[in-house]
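Colleague: Give the three-dimensional model of this entry:
(chains A and B)
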Amino acid sequence: MKTKRSISSQLLASIMVNAVYAMVNYPIVLVSTILAPFSLLIVITFVSKGALIPVAIGGALIMTMVSSGTSMQQDLSHLKNDFKVQDMVVSSPAKAWIYLLGMSISEIIYSIPALAVLVVLAALYIHTNIIGYLAITAVLLIMFTFASSLGFLLSTLSSDIVQSWAFSGIVSTILSALPPVYYPITYIPLPFQYLAYLSPATYAAEIVQNITGLTSFSHSTILVDWVVIIIITLIITFLAVKKSKWRED
Amino acid sequence: MNYLKCNKVTKEYEPGKKALNSVTMSIPAKGIFAMIGRNGAGKTTLVRILSTQLSLTSGSAAISGLDVMKDAPRLREMIACVPQEGRAIGWLTPRQFILSYLMWRGFSKKEARQRLEKSLRELGISKYADTLSRMLSGGTKRKVLVGMVMSSEAKVIFLDEPTTGLDPISRGELWKTLIKLKKNHFIFLTTHYLEEAEKLADTIGVMEDGKLMAIGTIEELREKVRYPYSIKILSNDKVVKPMEGELIRGVDGHYQIVTTEKEAGKISKHLIDKGVKFSMNPLTLDDIFYYIVKKPIEEESYEDEKEY
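Modeller: Numbers count the residues shown, from 1 in each chain, chains lettered A, B, ... in the order given. Predicted structure coming up:
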């Protein structure tokens, strides 16, 4: 007799393993998750004497989504290489896309405490209309898709935790240290601004900063920003799907 | 009847380097099948191919008529695997881990809970069900993994070296579980504990260097050796080549003689006279294994049989 299988159960399994149980069994995880995006937000707020609060909140939102996505890389590698969970799941009726979608949602769930606080701060400090809020939401979702696809892609390349750490360090430099997400790009001396444009987070930050009204960019710049983040996300997602090997060669 | 069939299954991780070399076999998919072999013999590669985790380079394999490559989605409905070095996730309790696994398989939370409670009870690990897995003993951790596959609907279970590293008591407990499990499942087990294969398996395969060297029941394998007695030479002295029987390199590289009962008596007397340490016993699976995978022994390392 064919067993009836529930896709929602399959999705929920990844979410419970990678987010819910981790937070339930280790409540300290909640504290660390909430604190993570606030370190730079606090520094920027004090250094700018409060002037850059809206920009820094936008930046913290972007970085939370980006780091949620890139966490996929370490989490998938850890489950795959250290516990052989992926092998157990491959030899079962679970589908690759359900497993990965569940893992990806779990990263967002993991960040919910931080996102909740940031959303409240955004509502208080970022004054824009409904289109502005929708645009910010779209940017955040695009950046999460980009980062989680990148995270998954890199997890397929790492065969142990040491490699995984190395990838994580590189990704963190490119996506967190390089781009001016917590402050306007004009704060960076000119020759180095070009370096910042190597990171997709810079383009996302320009869109959000433009919405906050603290810095303004031309329509063509914002258009280019949208095109860049969408195209980069499509390319990385395409590569991730293409590269994804449920069964190894 | 359902069969597991391999037809010239070959796996090359790199061109020219064969991890599996034309493995062909056909066994009934019932009871316990144990694949024995040294580390690197190809056991895990075969398990990973059959459990649809790894592609084969050439050949074909099927379980109950479902091809491991072409019919993988349907095959995955009926299989479950505990990989070598598979571990219960450390930050989860056994209850949470098994529940998640069953939900990954698509069971509703309610049904998954019922199934998991039953397997926890059957394995006698209910009292550890809410302890974090990282705090459990090695034996209990393994039981959790067996409980995981046992609680599923899978009829074909792959266990890749499930007892490696366990103490004899934990191993014995796990054996009891597997003996119960085989009543309703087909278990494909790999091990390098020959005693384990002898105790549990209905059919045994012997692998060496990616090749299937022999397959059959313990009696069928025993017949391949033809000689009922084994003498293990415990020192590195030169040994006698038997008039009847064969000299092979056995456990830990020591010499071993497989021979008839009468010849064994003569040789042991000779060895006692020469003061050579040895042990003698009826043929075990260890002896059969070393006989099957034996390599030629250099002439200078043994004495002529006429000397005794």
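Colleague: Tell me if residue A:224 really is in a helix.
Modeller: Yes: Residue A:224 forms part of a helix when assessed by DSSP: H, G, I helix; E, B strand; the rest coil.
Colleague: end-to-end on stretch A:28-41?
Modeller: Chord length of stretch A:28-41, first to last residue, is 21 Å (C-alpha to C-alpha, to the nearest Å).
Colleague: And it, what's buried?
Modeller: A:29-30, A:33-34, A:36-38, A:40-41 (16 or more other C-beta atoms under 10 Å in any protein chain shown). Heads up, the C-betas are built off the backbone N, CA and C, glycines and all.
Colleague: Just those residues: which are in helices?
Modeller: A:29-30, A:33-34, A:38, A:40-41 (DSSP state H).
Colleague: Taking the stretch 201-308 of chain B, what residue is nearest to chain A?
Modeller: Closest approach between the stretch 201-308 of chain B and chain A, counting by C-beta to the nearest C-beta: residue B:210, at 17.4 Å.
Colleague: Go ahead and confirm that residue touches residue B:42.
Modeller: Yes: under the criterion of C-beta atoms under 8 Å, residue B:210 makes contact with residue B:42 at 4.1 Å.
Colleague: anything in contact with each of these two?
Modeller: Between them, residue B:210 and residue B:42 share these contacting residues under C-beta atoms under 8 Å, 6 or more residues apart in numbering or on different chains: B:11, B:19-21, B:23.
Colleague: TSV please, covering these and showing neighbour count.
Modeller: TSV is the format used below for these (neighbours: other C-beta atoms under 10 Å in any protein chain shown):
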residue	neighbour count
B:11	22
B:19	21
B:20	28
B:21	17
B:23	25
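Colleague: And the furthest pair within those?
Modeller: B:19 and B:23 (10.3 Å; C-beta to C-beta).
Colleague: Need the overlap of contacts for those two.
Modeller: Joint contacts of residue B:19 and residue B:23 (C-beta under 8 Å, 6+ apart) are B:42, B:210.
Colleague: between the ones in helices among the buried residues of stretch A:28-41, which is nearest chain B?
Modeller: Using C-beta to the nearest C-beta, these come closest to chain B at residue A:29, 9.2 Å.
Colleague: Next one, pLDDT for that closest one please.
Modeller: Looking at residue A:29, its pLDDT stands at 83.
Colleague: which stretches of chain A aren't confidently modelled?
Modeller: Along chain A, segments meeting pLDDT under 70 span A:1-2.
Colleague: What parts of it come near chain B?
Modeller: Applying C-beta under 8 Å from any C-beta of the partner chain, we find that chain A lies next to chain B at A:2-7, A:9-10, A:12-14, A:16-17, A:21-22, A:25-26, A:79, A:82-85, A:87-94, A:99, A:247-249.
Colleague: Buried only: go through the residues you listed for me.
Modeller: For these, buried by 16+ other C-beta under 10 Å: A:5-6, A:9-10, A:12-14, A:16-17, A:21-22, A:79, A:83-85, A:87-94, A:99, A:247.
Colleague: So which of these belong to strands?
Modeller: Under the assignment DSSP state E, those contribute nothing to strands.
Colleague: Just give me the residue right at the centre of chain A.
Modeller: residue A:66 (2.2 Å; C-alpha atoms, centre = their mean).
Colleague: Would you mind stating the distance between it and residue A:40?
Modeller: Separation of residue A:66 from residue A:40 (C-beta to C-beta, to the nearest Å) stands at 13 Å.
Colleague: ok, now residue A:210?
Modeller: 20 Å.
Colleague: Give me the neighbour count for residue B:211.
Modeller: Neighbours of residue B:211 under the rule other C-beta atoms under 10 Å in any protein chain shown: 16.
Colleague: and what of residue B:191?
Modeller: 22.
Colleague: any idea how far the residue in chain A that chain B sits nearest to lies from residue B:88?
Modeller: Residue nearest to chain B within chain A: residue A:5 (2.7 Å; C-beta to the nearest C-beta). Residue A:5 is 23 Å from residue B:88, where distance means C-beta to C-beta.
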